[in-house]
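Asker: this is a predicted model, with the sequence first.
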Amino acid sequence: MKKQCEKQKIAFFFKQWGTWGGDGIKRNKKENGALLNDKLYREYPNLKKSM
């Protein structure tokens, strides 16, 4: 998904891992966290107001 967003030049927001973490281990999703490749991705689209 990250590469697809980069290709389309759109924002990428990775909220968190689910029950299965990126390492393939099942645990509480809060324990799995929100790191993707050791980085937090919290990008938002630029919203332009039109009046």
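Answerer: All right, it came through fine.
Asker: contacts and neighbour counts: CA atoms only from here.
Answerer: OK.
Asker: what about the residue nearest to Lys2 when sequence neighbours are not counted, how many residues close to it?
Answerer: Once flanking residues are discounted, Lys2 sits nearest to Phe12: 6.3 Å by Cα to Cα, 6 or more residues apart in numbering. Other residues within reach of Phe12, judged by other Cα atoms under 10 Å, total 17.
Asker: for Gly21, see how far away Phe12 is.
Answerer: Per Cα to Cα, to the nearest Å, Phe12 is found 19 Å from Gly21.
Asker: ditto for Asn28
Answerer: 9 Å.
Asker: neighbour count for the two, which is higher?
Answerer: Gly21 (20 against 13).
Asker: which residues touch the closest residue to the more buried one other than its chain neighbours?
Answerer: In space, and not counting its chain neighbours, Gly21 is closest to Asn32: 5.3 Å by Cα to Cα, 6+ apart. Applying Cα atoms under 8 Å, 6 or more residues apart in numbering, we find Asn32 in contact with 16-22.
Asker: go through those residues and name the one nearest Lys49.
Answerer: Proximity of these to Lys49 (Cα to Cα) peaks at Gln16, which lies at 29.5 Å.
Asker: how far away is the nearest residue to that closest one once chain neighbours are set aside from Asp23?
Answerer: If the residues on either side of it in the chain are set aside, Gln16 comes closest to Ala34, at 3.9 Å by Cα to Cα, 6+ apart. Distance from Ala34 to Asp23, counting by Cα to Cα: 13 Å.
Asker: who's more crowded, those two?
Answerer: Ala34 (20 against 7).
Asker: right, and that one touches Gly22 too?
Answerer: No. Under the criterion of Cα atoms under 8 Å, Ala34 makes no contact with Gly22, lying 9.7 Å away.
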